[in-house]
Structure formats: structure tokens, C-alpha cells
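*Asks:* I'd like to go over a predicted model; first the sequence, then the structure.
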Amino acid sequence: MQSDVSLGPSRPFAGTLAFLWTEVLVQGNERMAMLTSMVVPGIILVFVLILNPSLFSIALVGAIVFSTFTMGQRVLNEAAYLRIDHKANDMYLAGPMMPEAYFLGMSVGILVIYLTPTIFLGILATFVVPLHLDVGLLLLAVAATVWLFAASTGYVFSTFFRDNRAIWAYSSLFFNVFGVLMPVFYPLGLFPAALRPIALLLPPSAAAALVQAAIGTTTLTSGEVILAVAGLAVETVGVFLFAIYWARRTVREA
Amino acid sequence: MATVAEEFPNVPLRGRALPAFGVVGWRWISRNPAVAITPVLLPFIFLYFLSLISPPSLLPLEIVGAMLFTMQNIGSWTLGDSAFWRIECSLQDMFVASPLSRIRYLFGIAFSNLIAMLPALAVLLVLLSYVGAQHGYPFTPLAALALFAGLFTLWILFSSIGIAISSRIKTQREIWPVGNLTFTILGMLSPLYYPLSALPPLWQDVARFLPTTYAALLVQGALGITPATPLQMVFYASLLALCALVGLTITLRLYKWGES
């Protein structure tokens, strides 16, 4: 008997919307997880408010960048959980839907749900930070870029784990080093001068530095601006393309 | 009816649970470098951030806070381990069927997670002695006693909170958010990284119901960071013990062991 269902190769990104909507429905039930996405930015904002209120506007902008960055941690946890615990990705990817659609659909689905706390921070920022239209657009652009970088990195990392138990330690280290140690919540000027190029080459701190410069709390030379913009763009595009390649490759190997 | 000992005379009914769990803890960190490094580095990442944004005089207080917070976080790790073993590995059923009691199981997991935190606590202790001496807060025997009493109490209490919550968790997906939310919020509500007086009045009132607050006040008082009379120190120690006792009573009632 001949089947009417074609299981041949599909077009690239086929099934993105299906994965996106599935993830929206799944994450929509994870209210507790949504709350936890605000824990670290919330704590740091409280620290700043109590210990040095003059830095609150910078920390708030940093919290917006950080909240989009930590969506990568959600992608990492979710992709690992679906693969290891549910074995669901084997089933998904045995169908005509494409592996890059799985990665991108899941990432956008997580973005849709976890955007609520980020929007809340954005509304708060309009009262505290001088956010003109150009600064607002810049913040939006860099936050979106940081999200793409983090989601791609999170997905690639998720493929390396064999059990869920070890994820927490590695992801905490990665996201805290990039997001808390680096000048995301505090001005670039407080970071050691010799290490500033490193901070400008890492997407979260580069994004924060560009916004800090736009609102006038940090001064960047033209060379530093170029370094931050180029680092942000090149690394994000590079990691995104690698995540697509890696998604396809890991399916082939399985 | 024959007892287990009579029916299975060759099955050991006694064992050294604590060293066994200690080996589990050691194997866990020795096989996963990030698991050993993360608890050491995380407090320092936050301390570095705090040292940049706060007055340098608060550094000894922040180091004490990092030590207490690290110890409190063992609860989150205990939660994660016991839930993972029960849900993913179905190990708890085996422990329930064995002569191991639920209290020894709790201490075993708490001990195995303490091993992962010991390097961080040791480094923070050396840092506290050095920075404290520089700021005029020497690490006296009284300070050491208060610090170890506070750390020990938080270790027992928060491990039991972790295991009690874990026994109610149904899926692995809940482990990380529940643990993160519970232990981070409990830690942040207490004046670990800032003086109690720096908090708004309502927050201070809430903080006074938490054991971590009295552990922090006790150690800060013993070091001389926050001035306290001997009577106040006894008061803080008593409230810490009382809060811990109430907390332990509640959590042990919530802690589900077997099917009953």
C-alpha cells in the first residue's frame, strides 16, 4: 500500500511555526519558570537600589539586555529536557520538519512567553531612563541581537548534555560570567581598563555598553563603538549559522 | 512473621550512610568540573559586582553574606538531587525499601552536597580573615563559633526545606524553577549582603521572620561589623534556634518518604 504522506526532504525551516506554537503552549503553562527568569535581574536591581541608587538607570538597561540574554538559558534547559527526558526531539525530527525549524521555533516560542518580564522592565525604564526614540530603537536592536546569540548558544550547548542534572552548574556559570561579571548591570567605566576590549567583544556587555553610551552614562571612542558593533554582529551571525549547521549535523549523526 | 534479619540473614542491615553519600558527593564533583567550579565562582562573581557598586567598608559583611548564602543554597542542590534521584533514577524507592531512614537519607544528601560547597566556603573564610583584619574586624574565636553555628544551622534547615519540597515535585521540569525561586528569594529577603538597617521598614519586618536574618546578625555582631551587646547576641542565637526548630518541624511534616 502506498502512503500519501511524503517523508522526503522538506524546504529549509519547514515546521518553524508548528514548533513555535507548540513551545508557546508548553511555556504558557510554566508560570513558575517565567517568574524565575526575573530572579537574577530582580536581585541585582534590588542590590543596586539599596547599595548605590545612582546606578539604577544603568542597571535597569542592563536588566533588559540580561533578560533577553537569559532566554538562551531557557532554550538550553528546554532543548535538553525535551531531548533527554521526553525523547521528544527524536520523534519531531523523524518527521518532515527540519532540525533548524526545531531550534528556531523553540527559541521564538520561548521568546514570545518570556518577553512579558522584559516588557515590564522596558516600561519601568521609560520612567527612569531618558529613552528617546533613537535610544529605544537601539535598545530594541541590541536586545534582539543578544537574544539571537543566546538562543543559538543555548541550543548548541544543550546538545552536549547526557543528563539534566549537570545542566544547572554549566549554564549558571556561563550566564553569570557573561551577564553579571561583565559590565552589563554597571558602567563600562568601572571595569578594568585593560580588559575593556574583552567586555566589548562579548555580546551582552557590548550591547549594554552601546546603550550606556547612547544614554550618556558611558563614553566610548569610535574604535570602541566599532569593536562593540562588529563583535555583536559578527558573533551573533556566526553563532546563529553554526547553530543551524549543528542542528542539521546532530540529526544526521543520530 | 519472620523479621527481615531472620528472612535474609546475609543482608547487611547497618551501614555507614554518611561516608557513602560523601563518596557520592565527591564522585559528582570529580567527574563534573563545572559542578566543582560553579559553587566556588558564583559567590565571587556576585562579590565582585557588589564590591564595584557598594562602599568598600561593606566588603566583610558581603563576604559573610556570601558564606551564609552558599550554605543556604545547599538546600537548592539537595532539592535537585533528591528530586532527580526519585523521578529520573527511581532510586528513592530502593532507599525506602532499605533499612535507611528518611532522616539519614536527608543528612546523606545534605552531606554529599556540602562537599561540593566546601572549597567555596574555605576560600571565603580565608578572604574573610584577611579582609576582616584589614577593616578592623578580626576573626576571633567568638566570631568563628558564631559563624560555624550559623552555617551549621542553615545547612540542616535549608537541606530539610530542599528535601521536603523535592518530595512534592512531580516532574524534572519543576526542579530548577522551584529551587531557584525558593532559595534565592529566601536569601535575598534576609540582610545577607547589606545591613538590616539599610532595608525599608516593611522589608525589615518580613526579614525578622527568617532564620537567615538571625544567622547574619549573629555573625555580623560577633565580628563587630554590626554592633551588638552580649545579650543581643544571645537573643539572635535563640531566635535562630527557634526559627530553625519551627522550620524543621514544618519541613519534616511536609517531607514525603514512602507511599504513605
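*Replies:* Nice, thanks for sending it over.

*Asks:* What ranges does the stretch 101-250 of chain B have for its helices?
*Replies:* Using DSSP state H, counting those that start in this stretch, the helices of the stretch 101-250 of chain B run over B:102-134, B:141-166, B:172-189, B:201-207, B:211-223, B:230-254.

*Asks:* low pLDDT regions in chain B?
*Replies:* The model of chain B has pLDDT under 70 over residues B:1-5, B:7-8, B:10-15, B:259-260.

*Asks:* and it, which residues reach chain A?
*Replies:* Within chain B, the positions near chain A by C-beta under 8 Å from any C-beta of the partner chain are B:32, B:34-35, B:37-38, B:41-42, B:45-46, B:48-50, B:52-55, B:58, B:80-81, B:84, B:88, B:172-178, B:180-181, B:184-185, B:188, B:193-194, B:198-199. Any C-beta I mention is one placed from the backbone N, CA and C, and that applies to glycine too.

*Asks:* hmm, which of those are the buried ones?
*Replies:* B:32, B:34-35, B:37-38, B:41-42, B:45-46, B:49-50, B:52-54, B:58, B:80-81, B:84, B:172-178, B:180-181, B:184, B:188, B:193-194, B:199 (16 or more other C-beta atoms under 10 Å in any protein chain shown).

*Asks:* still on that earlier bit, hey, which of the helices of the stretch 101-250 of chain B is tucked in deepest?
*Replies:* Highest mean neighbour count among the helices of the stretch 101-250 of chain B (mean count of other C-beta atoms under 10 Å in any protein chain shown): helix B:211-223, with a mean of 26.

*Asks:* now that one, how far from the chain's geometric center?
*Replies:* Here helix B:211-223 is found 15 Å from its chain centre; the criterion is C-alpha atoms, centre = their mean, to the nearest Å.

*Asks:* ok, now stretch B:101-118?
*Replies:* 10 Å.

*Asks:* Tell me which residues are up against stretch A:126-144.
*Replies:* Under the contact criterion C-beta atoms under 8 Å, 6 or more residues apart in numbering or on different chains, stretch A:126-144 has outside partners A:56-57, A:60-61, A:64-65, A:68, A:118, A:122, A:125, A:206-207, A:210-211, A:214-216, A:232.

*Asks:* can you pull out the helices in the stretch 51-200 of chain A?
*Replies:* A:56-69, A:71-80, A:88-94, A:99-128, A:133-158, A:167-176, A:196-201.

*Asks:* Only the buried residues of the fourth one, if you could.
*Replies:* By that I understand helix A:99-128. Neighbour count says helix A:99-128 has A:99-111, A:113-114, A:117-118, A:121-122, A:125 buried, by 16+ other C-beta under 10 Å.

*Asks:* could you give the mean pLDDT of that helix?
*Replies:* Averaging pLDDT along helix A:99-128 gives 92.

*Asks:* How about the fifth one?
*Replies:* Mean pLDDT, computed over helix A:133-158, is 95.

*Asks:* just the first one next, same as before
*Replies:* Model confidence over helix A:56-69, given as mean pLDDT, is 94.

*Asks:* So which elements touch it?
*Replies:* helix A:39-51, helix A:99-128, helix A:133-158, helix A:203-214 (3 or more C-beta pairs under 8 Å, 6 or more residues apart in numbering or on different chains; DSSP states H and E).

*Asks:* Run the angle between that helix and helix A:133-158 for me.
*Replies:* For helix A:56-69 against helix A:133-158, the angle by axes from the mean of the first three to the mean of the last three C-alpha atoms, to 10 degrees is 40 degrees.

*Asks:* and A:N164, what is it in contact with?
*Replies:* Contacts of A:N164 (C-beta under 8 Å, 6+ apart): A:80-81, A:84-85, B:84, B:88, B:172, B:175.

*Asks:* Repeat the analysis, applying 6 Å as the threshold.
*Replies:* With contacts defined as C-beta atoms under 6 Å, 6 or more residues apart in numbering or on different chains, A:N164 is in contact with A:84, B:172.
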